[in-house]
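> Fold the following for me, if possible:
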Amino acid sequence: MTALRSGAGARVVTRRRVSSESRRRALGLTLALPPVLLLAVFVGIPVVLAIGFSLGHNGGLNSTIADIGTGTHSATSWWGTGQAYVDVFTDPRFLRDLGVTVFVTVVSTLLVIATSLAIALNLRLRGGRLATVFAGLAVVPLFIPVVIASWAILTFYSADGFVRTAFALVGLEGPTWGYTTIAVVIGSVWTSLPFATLMATSGLQSVPDAMIEAAKDAGASTRSIVTRILVPLAGIPLVIATTFTAIGILGQFTVPYFTGPNAPTVLGVDISKYFQAFNRPQESAVMAVVVFALASGIAFVYVRANFRSAKKEGRI
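Numbers count the residues shown, from 1 in each chain. The predicted structure is shown next:
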């Protein structure tokens, strides 16, 4: 009898635990459902519609824009048609602008990460008032609207701006970077630097002082401490800063629209031109899909780095 009662009690406890676990899972799902639905309605559905429209599915919610737009191709099979992609990828203007987009994204991201890492390392290893001032100045662009910053950069580097004026005072011919790709890179670095600096600083500050002191006691140089201790241990924040910076620069519009040339330009501006000025919405949807694919590739690096970190720490 005692054994039967013990077994029955164990089953009751097990059922209670399962019931409690089910309630917790249901509560978690309920709490996570609103943002998931919000993303699905305002992000997921438009993305699916845009991809379908680029493949020639012009019915339903795409019917109005398909009727208004010019050069629109309709689906010829169940999956659609690739004629819009052929039109875009055979256009030398698109290939040129795609190259400019990749160039601006890569160069700007490298400059942002290098600058933010230098500021964070200076603050972590040396400290002092000057390092704190540099770190504070790097965050200032966070509080300046992108439109204002873009206009300031344009006027600063224009033909009659501060740079050429300063050169003219000493009898030299200064560079004109307004309405050039260089101005787009400068604006991209300016707007992206605060987030990267905050991530790099927080990542390096989280490294224990004991590890650095132990490395110094063992005779390690500053270069060895940076490359073998600080940067590896702050790897995840640096990956986050790199991927988020690259995605932000890849899809930007305001900075290249204000500071860049009419041609060549980045795809963010191209999408707007093809949609509004050229009235070719299907080709703009194709370009948006291309940008989405590039951003997804960058996001894959972020997901892979987090997965490897979690696996190494035994969290999965």
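> ok, I247 - how many residues close by?
20 (other CB atoms under 10 Å). Where you see a C-beta, it was placed from the backbone N, CA and C, and this is true even at glycine.
> buried residues in whichever strand or helix holds it?
For I247, the element it lies in under DSSP states H and E is helix 235-250. Judged by neighbour count using 16 or more other CB atoms under 10 Å, the buried positions of helix 235-250 are 236-250.
> Could you pull up the mean pLDDT of that helix?
The average pLDDT for helix 235-250 rounds to 93.
> picking that back up, L95: which of the buried residues of helix 235-250 is nearest?
L250 (16.6 Å; CB to CB).
> Now for that closest one: which residues touch it?
Going by CB atoms under 8 Å, 6 or more residues apart in numbering, L250 touches T101, T105, V291, L294, A295, I298.
> Then L123?
Neighbours of L123 in contact, by CB under 8 Å, 6+ apart: A131, T132, F134, A135, T201, L204, Q205.
> Closest one of the buried residues of helix 235-250 to R96?
Closest to R96, out of all of the buried residues of helix 235-250 and judged by CB to CB, is L250, at 16.5 Å.
> and the one helix or strand V286 maps to, what other elements does it pack with?
Following DSSP H and E, one finds V286 within helix 281-312. Applying 3 or more CB pairs under 8 Å, 6 or more residues apart in numbering; DSSP states H and E, we find helix 281-312 packed against helix 45-54, helix 63-68, helix 83-89, helix 92-125, helix 235-250, helix 267-272.
> So for it, what gets flagged as buried?
Applying 16+ other CB under 10 Å to helix 281-312 flags 281-291, 294-295, 298, 302, 305 as buried.
> Tell me what angle it forms with helix 92-125.
Relative orientation of helix 281-312 and helix 92-125, computed by axes from the mean of the first three to the mean of the last three CA atoms, to 10 degrees: 30 degrees.
> re earlier: pLDDT and distance to L33 added to the contacts of L250, as CSV?
As requested, these are arranged in CSV below (pLDDT from 0 to 100; distance: CB to CB, whole Å):
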residue, pLDDT, distance to L33
T101, 96, 36
T105, 97, 35
V291, 95, 29
L294, 94, 31
A295, 93, 26
I298, 92, 28
